[in-house]
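>>> coordinates only, sequence not included:
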């Protein structure tokens with residue numbers, strides 16, 4: 001409901017009302033935050049225990065898979081059970097300097113001097129545009145990467161993901 005302010009007294013009344021509402025809002029947010037903190041506190045120990053148990057079991061699975069990789073993953077980098085898919089996968093590509101001796105400032109200097117390098121700089125303060133480099137990683141030649149002082153890197157990581165239907169079934173069972 002909108003009230004028009006038509007006098008200094010009405011203005012003072014509306015300011016006082018606004019202050020009261022802001023105080024109520026601050027209290028409501030504080031009440032909510034206190035409830036959220038209490039809920040988080042109640043669940044923290046259980047969640048931490050589950051996270052530690054998961055880490056322990058995943059480490060056991062990883063150790064076995066890594067130790068028996070040739071036999072377990074001869075044809076594919078992953079395996080599937082009725083409950084999960086697990087195995088090894090590459091992380092997304094990333095841009096790195098080509099050696100520890102080359103700093104990002106050196107890469108900027110190199111890209112500025114290369115006829116094709118300016119496309120891979122962000123301005124005004126020149127910095128390497130890693131997204132542009134990643135987008136063109138198939139186009140850039142090894143010679144260009146060496147000239148720029150960069151390389152593309154990927155790591156392999158182990159994963160274990162429950163199948164979506166497994167998660168859906170457990171949600172239904174919990175309900």
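Everything's here; your move. Please read all numbers here as calculations on a predicted model, not as lab measurements.

>>> only C-alpha atoms from now on, for both contacts and neighbour counts.
Noted.

>>> by mean pLDDT, which helix or strand of the protein comes out lowest?
helix 164-174 (a mean of 68; mean pLDDT, DSSP states H and E).

>>> what ranges does the protein have for its strands?
Remark: strands assigned in the chain by DSSP state E are 78-80, 84-90, 94-97, 121-122, 127-128, 150-153, 156-162.

>>> of all these, which one comes closest to residue 57?
strand 156-162 (10.7 Å; Cα to Cα).

>>> name the strands paired with that closest one and say parallel or antiparallel.
Sheet pairing for strand 156-162, assigned by DSSP bridges, gives strand 84-90 (antiparallel).

>>> what's the spacing between the partner strand and its chain's center?
Offset of strand 84-90 from its chain centre (Cα atoms, centre = their mean, to the nearest Å): 19 Å.

>>> buried set for it?
86, 87, 88 (16 or more other Cα atoms under 10 Å).

>>> the first one and residue 99, how far apart?
Residue 86 sits at a distance of 33 Å from residue 99 (criterion: Cα to Cα, to the nearest Å).

>>> and residue 139, by the same measure?
Note on residue 139: its distance to residue 99, by Cα to Cα, is 21 Å.

>>> repeat for residue 43
Here the criterion is Cα to Cα. By it, residue 43 lies 46 Å from residue 99.

>>> same deal with residue 121?
Relative to residue 99, residue 121 is positioned 20 Å away (Cα to Cα).

>>> so between those two, which is more surrounded?
A count of neighbours by other Cα atoms under 10 Å puts residue 121 above the other of residue 121 and residue 99, at 19 against 10.

>>> list the contacts of the nearest residue to residue 97 once chain neighbours are set aside.
Spatial nearest neighbour of residue 97, chain neighbours left out: residue 150 (4.3 Å); criterion: Cα to Cα, 6 or more residues apart in numbering. Listed by Cα atoms under 8 Å, 6 or more residues apart in numbering, the contact partners of residue 150 are 95, 96, 97, 98, 107.

>>> follow-up on the earlier one: nearest to residue 9, out of the strands of the chain?
Among the strands of the chain, strand 121-122 comes nearest to residue 9, with 55.9 Å by Cα to Cα.

>>> follow-up on the earlier one: out of the buried residues of strand 84-90, who's nearest residue 68?
Distance to residue 68 across these (Cα to Cα) is lowest for residue 87, with 11.6 Å.

>>> what about the residue lying closest to that closest one once chain neighbours are set aside, neighbour count?
Of all residues beyond its chain neighbours, the one nearest residue 87 is residue 78 (4.0 Å), with distances taken as Cα to Cα, 6+ apart. Using other Cα under 10 Å, residue 78 has 16 other residues around it.
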